[in-house]
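S.K.: need a structure here:
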Amino acid sequence: MNSIIRNLILISAVSCAGCTLTQEPPLGEIRLVDKPIDANAYKVRLSEVIWHGTDCYKIDMPMGTVYFEKGNGVSGFKSFLDNEGNDWIASYLPPGPNGDFRGFPNSVGNFGHAGRDSGSTTKIVNGITQGDVVILESTNGKFTFQYYFFTNHISIKVLKSEGEYHFLLETVTGGTADQDDYFVTADGKQHTPNGEFWDFTPEWIYMGDPKANNVMFFAKSPDDDAPNENHRQIRPNGQHNMDLYSFGRTGKEHKYKVQGMSGNEHIAIIGFAPKSRSHNEITALIEGFLEKPFTSGVKAKHIWTKDFLNKDKSWFSSQQAINIADSVIQYQSAEGGFPKSTDLARPPLTLEDVPPSSSGRANTIDNDATTLPMQFLARMIEATDDDKYKASFTKGLDYLFAAQYDNGGWPQFWPLRGKEYYSRVTFNDDAMIQVMALLKDVTENKTRYAFISDDQQAKASNALQRGLDFILKSQVRQNGKLTSWAAQYDEQTIKPAWARAYEPPSLSGSETVGIVRFLMSIERPSPEIINSVESAVAWLQESVLKGVRLQKNLNPDGRTEATLVADENAPRLWARFYELGSNRPIYLDRDSVFNYEFHKVGYERRSGYAYHGYWAEQLISDDYPNWKSKQIVKL
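M.R.: Residues are numbered from 1 along each chain as shown. I've put the predicted structure just below:
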């Protein structure tokens with residue numbers, strides 16, 4: 001659900017000791033209220049409710065809602081709703097009870113099983129009911145589990161166990177028990193729950209329903225040889241009642257024996273992810289949670305990184321590097337470009353793992369796409385002399401040649417995707433500068449690029465010179481004086497242009513630094529280049545925000561908020577955007593309204609976008625003086 005939260009309308013409330021106990025309506029009486037989501041404000045919140053006649057904690061998270069049954073000796077998930085309102089557990093649905101209650105984690109002796117008395121009590125740890133995480137602790141004397149509810153996943157920690165135990169999920173995938181419900185293992189293969197798991201590694205799965213827009217992941221750590229189970233429960237009347245998945249329990253073929261897990265080293269993780277994510281993206285998400293299960297704000301675990309370029313030359317001959325390179329070339333498009341925001345080091349296991357042209361990620365120079373994989377492949381070629389890497393690199397070069405505009409600039413995406421901002425000539429995040437740096441390396445590093453044909457060497461030199469001409473002619477001149485550069489330019493007029501709604505035509509305090517560094521890297525700069533550098537550095541010196549410090553405060557609501565604070569001793573700071581003509585710092589929200597005071601921008605953009613930075617500090621204090629001295633020596 002992109003723009004609304006499904007809010008349950010409370011129909012009655014009674015007071016309880018120190019809290020408000022609300023009566024939730026039956027599902028048939030739920031009404032929907034459209035309410036914009038503030039992703040930064042919507043943290044985890046706990047309340048106490050009556051849910052389908054039982055006493056529950058209700059834990060709201062951005063990814064979904066848990067109803068955790070807590071009265072009369074019962075503990076465990078009674079319901080787990082995704083952000084579309086689908087209940088993936090629904091323990092209250094018929095035909096139960098008599099062995100048919102669904103729930104989670106459903107461990108030994110009904111501990112953690114909704115609807116079943118295991119002598120359990122549950123408390124709120126530290127009394128915290130909202131924030132980045134809310135923690136519940138359940139115990140029945142023999143077992144003690146803690147449940148950590150984060151914004152995008154839930155983790156279970158075992159504090160105490162007398163004997164062996166298991167984690168068991170009884171689910172109606174997607175909200176109903178359907179024949180088409182499935183689960184996917186780490187190898188990307190889709191299965192129907194119809195028997196015991198084999199002993200497999202890594203121990204995680206995710207479940208899906210063709211009618212649902214989310215999948216639910218279920219993971220255990222550490223990997224071990226404990227048995228695992230999956231089966232589909234069909235009632236005597238042929239009714240599909242639920243699917244069962246467990247870690248640490250055999251299937252019905254071996255009489256549901258619990259074995260292999262004891263002590264307190266094992267953890268379980270569960271949560272929802274959008275089904276629109278590829279298999280490799282879901283894999284990265286689960287791996288990130290397993291690596292830091294009890295940490296807030298954990299992101300997906302990405303293997304692909306520009307840090308590979310810093311490896312020793314010998315590493316590029318290793319089997320690890322070869323495996324990564326073999327994966328990288330599988331993501332190259334027919335046009336020769338590579339996708340952004342994709343973990344190229346993970347071999348694609350499904351068709352969806354390779355972003356298609358229609359995805360908005362393929363064929364781009366944005367976010368290190370295309371240039372970084374080409375740099376990586378160049379080092380692989382230097383180490384292995386493998387023809388398949390040479391073919392991929394030269395195909396990438398042809399892509400860059402084809403993508404260049406006649407005016408010398410490069411669009412963010414090619415083939416072009418229309419009149420939107422990704423057709424603009426893009427300096428933003430150093431996109432075009434990274435292309436220029438790669439072409440410069442191709443033309444100068446004759447040893448590494450000895451495999452490049454004379455024809456392609458000539459094309460690279462020509463493309464580099466045309467790009468340099470664009471840089472010089474796009475430097476903004478105000479009142480007859482050269483200043484700096486915009487983050488993006490109209491490809492027809494070569495005038496500063498809009499990108500996203502909060503990225504206006506303006507002078508850039510960030511991208512200008514990358515452009516100047518590139519110009520300073522040119523070995524024999526022309527007078528025009530020297531003048532360009534001198535003018536841009538002078539502009540950066542004049543554009544310092546003096547007497548203010550960028551500060552990030554942790555608010556009582558758990559949000560981190562960026563502010564500007566008066567401080568005469570603060571280090572030099574620059575704004576991301578400066579107004580054309582006035583050179584005043586400007587700040588925009590998603591409504592595209594110009595603000596001249598930082599605090600007038602809404603929290604979401606103010607704390608979620610880099611409107612300020614120390615980008616030019618080293619350039620002005622060290623790099624530029626060193627470059628200047630070299631030019632004097634040459635004279």
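S.K.: Can you pull out the low-pLDDT segments for the stretch 401-550 of the chain?
M.R.: Along the stretch 401-550 of the chain, the model assigns pLDDT under 70 to no residue.
S.K.: Look up the closest residue to Lys600, ignoring the ones flanking it.
M.R.: Spatial nearest neighbour of Lys600, excluding adjacent residues (CB to CB, 6 or more residues apart in numbering): Tyr587 at 7.0 Å. The C-beta positions use only the backbone N, C-alpha and C, and glycine is treated the same way.
S.K.: beta partners for the one you found?
M.R.: When assigned by DSSP bridges, Tyr587 has beta-bridge partners Asn595.
S.K.: Next, the contact list for it, please.
M.R.: Phe577, Phe594, Asn595, Tyr596, Glu597, Phe598, Lys600, Val601, Arg605, Arg606, Tyr611 (CB atoms under 8 Å, 6 or more residues apart in numbering).
S.K.: ok, the first one to Lys473 distance?
M.R.: Spelled out, that is Phe577. 22 Å (CB to CB, to the nearest Å).
S.K.: Have a look at those two and say which one is more surrounded.
M.R.: When Phe577 and Lys473 are compared on other CB atoms under 10 Å, the one with more neighbours turns out to be Phe577, at 23 against 13.
S.K.: Pull up the gap between the more buried one and Ile515, please.
M.R.: 16 Å.
S.K.: for the chain, longest helix please?
M.R.: When the chain is parsed with DSSP state H, its longest helix is helix 454-474.
S.K.: which residues does Lys440 contact?
M.R.: Leu464, Phe518, Ser521, Ile522.
S.K.: one more time with 7 Å
M.R.: Leu464 (CB atoms under 7 Å, 6 or more residues apart in numbering).
S.K.: what about it, which SS state?
M.R.: Secondary structure, DSSP: H, G, I helix; E, B strand; the rest coil: Lys440 is helix.
S.K.: Remind me which helix or strand the residue lying closest to Phe316 once chain neighbours are set aside belongs to.
M.R.: Spatial nearest neighbour of Phe316, chain neighbours left out: Ala383 (3.6 Å); criterion: CB to CB, 6+ apart. Assigned by DSSP states H and E, Ala383 belongs to helix 371-384.
S.K.: and after that helix, which helix or strand comes next?
M.R.: The helix or strand immediately downstream of helix 371-384 is helix 387-403, counting by DSSP H and E.
S.K.: Tell me the helices and strands packed up against that following helix.
M.R.: helix 371-384, helix 454-474 (3 or more CB pairs under 7 Å, 6 or more residues apart in numbering; DSSP states H and E).
S.K.: now do 8 Å
M.R.: Helix 387-403 is packed against helix 371-384, helix 431-444, helix 454-474, with contacts defined by 3 or more CB pairs under 8 Å, 6 or more residues apart in numbering; DSSP states H and E.
S.K.: So which of those helices is nearest Thr54?
M.R.: helix 371-384 (53.3 Å; CB to CB).
S.K.: report the angle between the axes of that closest one and helix 387-403?
M.R.: Orientation check (axes from the mean of the first three to the mean of the last three CA atoms, to 10 degrees): helix 371-384 against helix 387-403 gives 150 degrees.
S.K.: so how far is helix 371-384 from its chain's centroid?
M.R.: 26 Å (CA atoms, centre = their mean, to the nearest Å).
S.K.: so where's the stretch 151-300 of the chain shaky on pLDDT?
M.R.: Flagging of the stretch 151-300 of the chain using pLDDT under 70 yields the residue ranges 196-199.
S.K.: Helix, strand, or coil at Cys56?
M.R.: Following three-state DSSP, the label given to Cys56 is strand.
S.K.: The nearest residue to it once chain neighbours are set aside pairs with what?
M.R.: Nearest non-adjacent residue to Cys56, counting by CB to CB, 6+ apart: Tyr67, 4.5 Å away. Judged by DSSP bridges, the bridge partners of Tyr67 are Lys58, Ser79.
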